[in-house]
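Trainee: No letters, just coordinates:
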């Protein structure tokens, strides 16, 4: 559902629900990770240093695109890459950042997810890149994330986790869960041997078929 279909109170409730769901589905735990949603004034984001499993609508922090906090509350330290994703991708309505186990493990190896499985195309390209390392909460990290997200909807973050954006809150969460699953599958396959990768032509065919699938999602 887009921002035009949700009024501000409902958007706050939906975003808080998304934060809690990210814990329930195993993407985040404790205070790790953060989620946001585009709003008519800028974006709403989860607060800094609070347990994601207990967040409510009143905990959400409203921010303007210039980085100003429009009300009381301390936003997540990662607000910069959320803001920059919304600026770079006009179709992005929600962003999920997670410290999920498999994505973190793969990100600590600083490895991309290659086309070992056709579902890699769900992130928008023939692979899922791993962004270069930078300290959390910095503009340098946001710049690295934006570079890895070029023509993509998700990426890993070196020694950190994953980030995914979607055209709705459920779509962003679903993609983050898919990237976590793919991270685990790729790690498992690598325990046995070198996975056989799909060719670029094969992945391009999948991407073409996913155009309609993605629009329905």
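Mentor: Perfect, I can see it now. Just so we're clear, the structure is a prediction, and the values are computed from it rather than from any experiment.

Trainee: Residue for residue, what is the longest helix this structure has?
Mentor: Counting by DSSP state H, the longest helix found in the chain is helix 169-192.

Trainee: Show me what the spatially most central residue of the chain bridges to in the sheet.
Mentor: For the chain, residue 164 is the residue whose C-alpha lies nearest the centre (CA atoms, centre = their mean; 2.1 Å). Applying DSSP bridges to residue 164 yields these beta-bridge partners: residue 96, residue 154.

Trainee: Verify the stated contact: it with residue 179.
Mentor: Yes. Using CB atoms under 8 Å, residue 164 is in contact with residue 179, at 5.9 Å. In this view, the C-beta of every residue, glycine as well, is placed from N, C-alpha and C.

Trainee: hey, what's in contact with both of these two?
Mentor: 123, 154 (CB atoms under 8 Å, 6 or more residues apart in numbering).

Trainee: the strands in this protein, which residues?
Mentor: Counting by DSSP state E, the chain has strands at residues 34-38, 42-45, 61-64, 94-98, 130-131, 154-157, 161-166.

Trainee: which of those sits most buried?
Mentor: Ranked by mean neighbour count, these are led by strand 94-98 with a mean of 30 (mean count of other CB atoms under 10 Å).

Trainee: Tell me which other helices or strands that strand touches.
Mentor: If you count contacts as 3 or more CB pairs under 8 Å, 6 or more residues apart in numbering; DSSP states H and E, strand 94-98 packs onto helix 8-24, strand 34-38, helix 79-88, strand 161-166, helix 169-192.

Trainee: List of residues touching it?
Mentor: Residues outside strand 94-98 that contact it (CB under 8 Å, 6+ apart): 15, 18, 22, 27-28, 32-38, 78, 81-82, 85-86, 161-166, 168-169, 171-173, 175-176, 180.

Trainee: centre of the chain versus that strand, how much separation?
Mentor: 3 Å (CA atoms, centre = their mean, to the nearest Å).

Trainee: so where's the protein shaky on pLDDT?
Mentor: Scanning the chain for pLDDT under 70 picks out 1-7, 213-217.

Trainee: 50 - rerun?
Mentor: Along the chain, segments meeting pLDDT under 50 span 1-5, 214-217.

Trainee: How far does stretch 144-153 stretch from one end to the other?
Mentor: Stretch 144-153 has an end-to-end distance of 14 Å (CA to CA, to the nearest Å).

Trainee: Pull out the buried residues from it.
Mentor: Of all the residues in stretch 144-153, those buried under the rule 16 or more other CB atoms under 10 Å are 144, 145, 146, 148, 149, 152, 153.

Trainee: Would you check how far apart the fourth one and residue 31 are?
Mentor: The one in question is residue 148. Distance, residue 148 to residue 31, by CB to CB, to the nearest Å: 24 Å.
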